[in-house]
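>>> Show me how the following folds:
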Amino acid sequence: MKGGCLLLVFILCQSIGALGQNSLTLISYDKEINLNTYLSAYIDTSRSLSLEQVMALPAKNFQPIPKAGLRTNVTNDVIWAKLTVTNPHNARADVIIDFVDPSLELIELYKFTESGLLKYATGTGLHPREKSVFSNKNNFLIEFPRRQTTQIYFKISSSNYMTVSARLLDDDRALEENMEERTFLGMFYGAVLILMVFNLLLSVITGMRVFFIYGLYIFTIAIFTGAADGFTPFYLHFLIEWTGGYQDMITATLSNILGLLFMLEFLQVRSWSKLFFNIVIGFVGFVGLSIVMLFFTYPAYSYPLLNIYGIIGLILMLTGGVFGTIRKIPQGVYYLLAYIFFGGFILIFILNLFRLVDYTFWVQYSIHFGYMLSIIILSYGLGVRIYELYKNYLLREQEKKHLIEQKRRELEVKVAERTRDILIKETNLRAILENTDSAIWLIDKQYRLIDYNNVFAMLCHEVYDTYPERNQSVLDITPVGMEKKRWRKRYNEALSGKRGVFIDQYHVAGKDHHFEIYTFPIANNGETTGVSIFARDISIRVNALDQLKEQNNALQKVNKELDSFVYSASHDLKAPLASIAGLISLVRREEGIQNRQPYYDMMERSIARLDQFISDIIDYSRNARLQKEAVSVKFEETIQEVFNDLAYMTDAGDIEKNVEVTQNVIFKTDPTRLKVIFRNLISNAIKYGCSHEGDNRIDVNCQVSEEKAIIKIQDYGPGISGRHRRRIFDMFYRADESGSGTGLGLYIVKETVDKLNGKIKLVTAEGEGSTFIVEIPNSE
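Next up, the predicted model:
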């Protein structure tokens, strides 16, 4: 119901309004039609009127729009415009209504048809896909029915300067025109993008700020010019949303600031006028601060200020160009010429903002033309500067190359001298390393071999059956186990700065060798970088020390035995002599042969004891002095000779001897020492084993092989008690002090067996007899 009333009101108002305004009759629309002549406008200062209220306004409230278009300053007012169009043809007319100003924020179109009210919208405040026509322009595609008159209302609002100017053209022609314009602008912005990227790359390559600032300057100018052709709101609509429609204010401010900063860098202003430099910097700071404050408070007020800032900035740029040219700043004339052209077109654009010139094609694209001319001139100037820099660079490179060549020749001479010195030192060092009998090797902190001499290499081969290699871990040469742990600990101690001395024993060439090892830290600028190791074979010294120790021990033993011998010999020699002297004195007192006979018997026993003692001393002396002989012996014959020699002993005739010899090989040894062994052991068996009542057997058993002879001499006498066994082979030791022995017999046997590299063992128990077991090696 409400829609029907609105349609009725619209028809009545349309009939009345048509009487007061020019109506457009579409006789022919193959050419562009300026709609300004047919548009009438009403300015709603309250921004609150609805479509119904506007349609109800008297026709006199709508004023004709000038032919050049309706121009407004920055305002919050809403402009209502209406257009009456008559299609006299029998066919539907499809046309494009194009609002020339692409910066208008919102344009709403209202059209009544038989089906009801139609509403369309366009403008920079809408996303491109929300616009009536998907384009960078503010267009409407309108269908006018055949043989009908249609009235259209437009609601226009913007936060910037507004120019209400529209044109009507055929749909096909509009599409063709739009394609041509988009192609031109695409090439324009493509060239701008390439130039921007090129300058940014130059800034990275050369490190010069002028190229970086110029690249940003090109970018902001491109966005600013995009507002005049609709490319910025079309392709960068997020800027419109982010800035609330005030992207022109931000891009104009940035382009003004970057243009001035580019001037300072390009003309090198600081080098010739600090005053002018400070003025420009102060103006840049003031512009930036004031626009930022207005953006967050009253952004609409920034547009008039930007016009003034633009004029001041242009004056500063032209002033800098003039002074730069006068002072012959490189490429200063190019800068001045560029901004004369650019300034002229900017002036046209600013005059349009002040409504001093009409908004025409040249005004719309004034910044494009001025910008294109300026960047061509400035790019050429920068190219000349790059060329000059390149020539200077080549000149410096040639000078540098000449200097490098000169230094290279000098360095080659020094290197040759140093190399010769190093070779001499290395030869000397190698001679020192190789002309020593010590093994020398050097390692780094990772235990890698830096260098070594041949002695070390041969030692590794002998000990570990491997040859070392440079850069090889020295621990890999050492077998896994305690030795590797020991060497790792030594290396780590040296790497911590401590010296070390060690004595090791290794099996080399079938013999045990002793090595004295020194570890020394290698320091470089106070830091330990490696270890040097010296290993010297001290086997001769160690063996000499061992031999000296053995000789000292032998000497101590001889001295001890000599002391004991002197003491015992003097006692054993004096005792028989004293006994004989006493018996002689007694014999002199006795009368008669019969009474003297017992004394003669006692003298005889004393002399026999003295004779035995002298024989033992002779055997001991011979064993100590005489060299060993290796003569083939027959054990059975030797044993028989000994028994024959001992036949005179007391009780020798009462013994029962059992001799068993097994000898099927040639056995060589010292016959004299062998006889001494048999005589002492058999005489002891006769003297102590058979002198008491009991078993008088003596068993002599010899088992002779190619390696050794095992001799067992056993008696069945009283045996030897445990307290005497430990010292039975000591010099002058007698288990039975009441006996007639000298205490040298078994001692001589033990010394003689040792001289023959043999062994002797006693097996005895008290009351069970004694068995002496002797092993003698075959000297064959």
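
>>> Do you know the pLDDT at Gly653?
For Gly653, the model assigns a pLDDT of 67.

>>> likewise Arg499?
Arg499 is given a pLDDT of 89.

>>> Not including adjacent chain positions, what is the nearest residue to it?
Phe520 (5.8 Å; C-beta to C-beta, 6 or more residues apart in numbering). Glycine gets a C-beta too; all of them are placed from N, C-alpha and C.

>>> buried stuff in the helix or strand encompassing the one you found?
Per DSSP states H and E: Phe520 is located in strand 511-524. Judged by neighbour count (16 or more other C-beta atoms under 10 Å), strand 511-524 contains these buried residues: 513-519, 521-522.

>>> Then stretch 371-382?
371-375, 377-379, 381-382.

>>> what are the ranges of the strands in the stretch 101-250 of the chain?
With DSSP state E, counting those that start in this stretch as the criterion, the stretch 101-250 of the chain has strands at 106-113, 116-122, 138-144, 148-157, 162-164, 166-170.

>>> Make JSON lines from these and add mean neighbour count and mean pLDDT to it.
Listed next are the strands of the stretch 101-250 of the chain as JSON lines, based on neighbours: other C-beta atoms under 10 Å; pLDDT from 0 to 100:
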{"stretch": "strand 106-113", "mean neighbour count": "19", "mean pLDDT": "89"}
{"stretch": "strand 116-122", "mean neighbour count": "16", "mean pLDDT": "88"}
{"stretch": "strand 138-144", "mean neighbour count": "21", "mean pLDDT": "89"}
{"stretch": "strand 148-157", "mean neighbour count": "20", "mean pLDDT": "92"}
{"stretch": "strand 162-164", "mean neighbour count": "23", "mean pLDDT": "86"}
{"stretch": "strand 166-170", "mean neighbour count": "21", "mean pLDDT": "89"}
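
>>> In helices, which of the buried residues of stretch 371-382 appear?
371-375, 377-379, 381-382 (DSSP state H).

>>> Can you tell me the closest non-neighbouring residue to the residue nearest in space to the middle of the chain?
Compute the mean C-alpha point of the chain, and by C-alpha atoms, centre = their mean the closest residue is Gln446, 15.1 Å away. Counting by C-beta to C-beta, 6+ apart, Ser473 is the residue found nearest to Gln446 once chain neighbours are left out, at 7.3 Å.

>>> How is this structure partitioned into domains?
As assigned by automatic domain parsing, the chain contains the domains 2-180, 182-392, 436-537, 629-780.

>>> can I get these in CSV with distance to Asn552?
Compiled in CSV, the domains of the chain are given as follows (distance: least, C-beta to C-beta, whole Å):
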stretch, distance to Asn552
domain 2-180, 113
domain 182-392, 86
domain 436-537, 19
domain 629-780, 18
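
>>> Of all those, which one comes closest to Leu403?
Nearest to Leu403, of all those, is domain 182-392, at 15.9 Å by C-beta to C-beta.

>>> how far is that closest one from where the chain is centred?
In terms of C-alpha atoms, centre = their mean, to the nearest Å, the centre of domain 182-392 is set 49 Å apart from its chain centre.

>>> I'd like the distance between the closest residue to Leu195 other than its chain neighbours and Phe262.
Excluding its sequence neighbours, the residue lying closest to Leu195 (C-beta to C-beta, 6+ apart) is Ile218, at 5.8 Å. Applying C-beta to C-beta, to the nearest Å, the value for Ile218 to Phe262 is 10 Å.

>>> Over to Ile367?
16 Å.

>>> just Lys485 next, same as before
Counting by C-beta to C-beta, the gap from Lys485 to Phe262 is 72 Å.

>>> Which one's more surrounded, those two?
Shown here are Lys485 and Phe262; by other C-beta atoms under 10 Å, Phe262 has more neighbours (23 against 12).
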